[in-house]
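Colleague: One predicted model, sequence on top.
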Amino acid sequence: MEFKELKNKSLSDLQNLVNEYKAELFLLRFQNKTSQLDKTHKISEIKKNIARVLTAIKLQEKASKEVK
């Protein structure tokens, strides 16, 4: 998911996305340890997506603090 798309989402949607990505990352790591994962690059993609979403959350929190 691109960062442009994340900027338009609400804070609760972003937090739900983080939880989904973390659950997916857990499953991918588990599959990797049991040698069931063929596409190991998916792990790094999910980690980058988590970082993007967390960045969007921080920006929204910062913007809401500045408005108050």
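Modeller: That came in fine, so what should we check first?

Colleague: Any stretches of this protein with poor pLDDT?
Modeller: Where the chain drops to pLDDT under 70, the residues are 68.

Colleague: ranges for the strands of it?
Modeller: In the chain, no strands are defined using DSSP state E.

Colleague: what residues are up against the residue sitting nearest the centre point of it?
Modeller: The centre of the chain sits closest to residue 50, judged by Cα atoms, centre = their mean, with a distance of 2.4 Å. Residue 50 is in contact with 18, 21, 22, 25, counting by Cβ atoms under 8 Å, 6 or more residues apart in numbering. No exception for glycine: its C-beta is placed from N, CA and C like everyone else's.

Colleague: quick check: longest helix of the chain.
Modeller: Criterion DSSP state H: the longest helix present in the chain is helix 41-67.

Colleague: Can you give the distance from it to the centre of its chain?
Modeller: The chain centroid and the centroid of helix 41-67 are separated by 7 Å under Cα atoms, centre = their mean, to the nearest Å.

Colleague: go on, stretch 58-68?
Modeller: With Cα atoms, centre = their mean, you get 20 Å for stretch 58-68.

Colleague: Other residues contacting it?
Modeller: Under Cβ under 8 Å, 6+ apart, the answer for stretch 58-68 is 7, 11, 14.

Colleague: Now that residue 25 has come up, it's in contact with residue 42, right?
Modeller: No - the criterion here is Cβ atoms under 8 Å, and residue 25 misses it with residue 42 at 9.1 Å.

Colleague: rewinding a little: just the buried ones among the contacts of stretch 58-68, please.
Modeller: Buried members of the contacts of stretch 58-68, scored by 16 or more other Cβ atoms under 10 Å, are residue 14.

Colleague: No further queries at this time; thank you.
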